[in-house]
Structures are given as C-alpha cells and as structure tokens.
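>>> I would like to see how this sequence folds:
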Amino acid sequence: MIYEIRGQKVMLDSDLATLYGVETSNLNKAVKRNIERFPGDFMFQLTKDEWENLIFQDGISSKQHGGRRFMPHAFTEQGVAMLASVLNSPKAVEVNINIMRAFVKLRQYVFSQSTTNEQIAELRKLLMLYIEKNDKRVNEIIIALNNLIDQPPKTKTIGFNARN
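Okay, here's the model as predicted:
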C-alpha cells in the first residue's frame, strides 16, 4: 500500500482509512478540518492521469476505491505521522506506529547497499507478525519483498571493452 508517486513514497487516503477503521470520507473531513497541518510535502491530491496510471500500473481495482467524486489524496511519511494527531484514537495511534516502522524499514532497505536476503527475510517476518495482528492487505508488501529476494542481484561491469 506504499506507492511511489511524484518521486515520493506515499499512501492513499482510502488505504489509510481502511487501516484506521474509518470511512475515507471521514478521514478526509478530519484532514480538511486540520488542513494547516498538511502542507504540500505532507499530502497532495492525485491528478486524474496519476490516478489512472496507478490503477493501470499496479492493478488497483477502481471498485476497491470506487465511486470517488474526488481524486485520492496521497500522504507522505510525514503526512501519515500527522494523521495520528488528527485521528486520535487508540487504533489510529497503534496503526500509525506500525506504518511508521514500515516506512523506516523501507527507507533502510532502499539506502542500504549491503542489504542481504536475510535482512529481507527478517523484514518479511516482522510484516507477517503485523499482518496476523492487523490488516491482511499488507500482504502486498510481502509479495513485493519476496519478488526482491527471487530476483538475482544486478552486477556492474568493471573495466572497459577494447575494440580493434
């Protein structure tokens, strides 16, 4: 449920609403009541082209997010953190902590050049524990991690090819 849009890792309002156990419209109303807490680097609204591309590229069911009158809002890591102060329920706080951990692990993975299959397997175990306690939709992240493990590492060619 973490997508890359406009070069940023984000989560969509509808996915966050599902995790928090609220309606998407109620989440967006809470955000609008506290809009000063969500500057452009915390949250932005997708364009129609971005939304259609996301549906097409990632196989997101438009029915899953269906019947939308407005384009989805995308929340960056900081925006997700800010949601905890807007949705101040015990479930929102717990879910938010787990989302923050997922973002941190994702960042560690991306920036670590020495990431091994053991580290990916450990991250997969942590996410599996989270899934058992919370939301089954995180399974998509597990599938992506499994695909990373299955792909052979790319190697750089060192040196040069001499042409005669």
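
>>> helix or strand next in line after the helix or strand hosting Gln78, which one?
Gln78 belongs to helix 77-86 when assigned by DSSP states H and E. The helix or strand immediately downstream of helix 77-86 is helix 90-111, counting by DSSP H and E.

>>> can you give me the buried ones in the helix or strand that that next one is followed by?
Beyond helix 90-111 on the C-terminal side, the first helix or strand identified by DSSP H and E is helix 117-133. Within helix 117-133, the residues that count as buried by 16 or more other C-beta atoms under 10 Å are 120, 123-124, 127, 130. C-betas here are computed from N, CA, C, even on glycine.

>>> stretch 79-87 now?
For stretch 79-87, burial by neighbour count (16+ other C-beta under 10 Å) applies to 79-84, 87.

>>> can you show me the CA trace of it as CSV?
The C-alpha trace of stretch 79-87 is given here as CSV (Å, rounded to 0.1, in the frame of the first residue of the first chain):
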residue,chain,number,x,y,z
GLY,A,79,1.6,13.3,6.4
VAL,A,80,0.9,9.8,7.8
ALA,A,81,2.6,10.8,11.0
MET,A,82,0.5,13.9,11.2
LEU,A,83,-2.7,11.8,10.8
ALA,A,84,-2.1,10.4,14.3
SER,A,85,-2.7,13.8,15.8
VAL,A,86,-5.8,14.3,13.7
LEU,A,87,-7.3,10.8,14.2
